[in-house]
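Undergrad: Take a look and give me a structure for this.
(one chain, ligands or ions: 2)
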Amino acid sequence: MTDCLFCKMASGAIKPDIVYQDDAVLAFRDINPQAPLHVLVIPKRHISTLNDLQETDGALIGKLYLAAKQIAAQEGVALRGYRTVMNCNAEAGQSVFHVHLHVLGGRPMHWPPG
Ligand code: AMP
Ligand code: ZN
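TA: Ligands and ions are numbered 1, 2, ... in the order given. As a prediction, this is how the structure comes out:
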């Protein structure tokens, strides 16, 4: 999608602060971090929301979590703990409509989330 911010990052048109990438996935630091570690993991292929996932997207979404695991290890929060969040649509606070997994860590997390 030409007008999608995260597609522009996936294509290299906009260059975020990248922490991990492979053929299917890109991960970069959030521009407005909510924790000392706040990384967004996206599929390079555009999917708007969790509601738009197809049966065939299962492996791709699994790769987002495998990337999150690797990022948590390389950023030193794997043993302390970290949180992964994927917001879907308005009430959850989704603001960029290209699915992304938030990886948050480096401070205690509270539950329930706000
Ligand atoms: P969400 O509200 O779940 O859709 O998350 C979107 C996230 O994208 C927010 O945490 C924003 O701070 C982040 N964000 C927006 N623009 C950028 C950008 N140019 N670079 C990095 N992160 C961004
Ligand atoms: Zn996109």
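
Undergrad: CA only for contacts and neighbour counts going forward, please
TA: Fine.

Undergrad: partners of the lengthiest strand in the chain in the sheet?
TA: Longest among the strand segments of the chain by residue count, using DSSP state E, is strand 37-43. Sheet pairing of strand 37-43 (DSSP bridges) gives strand 25-29 (antiparallel), strand 101-105 (antiparallel).

Undergrad: So for ligand 1, which of those strands sits nearest?
TA: Of all the strands paired with strand 37-43, it is strand 25-29 that lies closest to ligand 1, at 6.0 Å by C-alpha to the nearest ligand atom.

Undergrad: Give me the distance between the closest one and the centre of its chain.
TA: 7 Å (C-alpha atoms, centre = their mean, to the nearest Å).

Undergrad: Also stretch 74-85?
TA: That offset, for stretch 74-85, works out to 13 Å (C-alpha atoms, centre = their mean).

Undergrad: CA atoms only for that stretch, dumped as CSV, please.
TA: Provided in CSV are the C-alpha atoms of stretch 74-85 (Å, rounded to 0.1, in the frame of the first residue of the first chain):
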residue,chain,number,x,y,z
GLN,A,74,19.3,-9.2,22.3
GLU,A,75,17.9,-6.2,24.2
GLY,A,76,18.5,-8.0,27.5
VAL,A,77,14.9,-8.3,28.8
ALA,A,78,14.1,-11.9,28.1
LEU,A,79,14.7,-13.2,31.6
ARG,A,80,13.4,-10.1,33.4
GLY,A,81,10.2,-10.2,31.4
TYR,A,82,8.5,-8.2,28.6
ARG,A,83,5.1,-7.7,27.1
THR,A,84,3.8,-8.2,23.6
VAL,A,85,0.7,-6.4,22.5
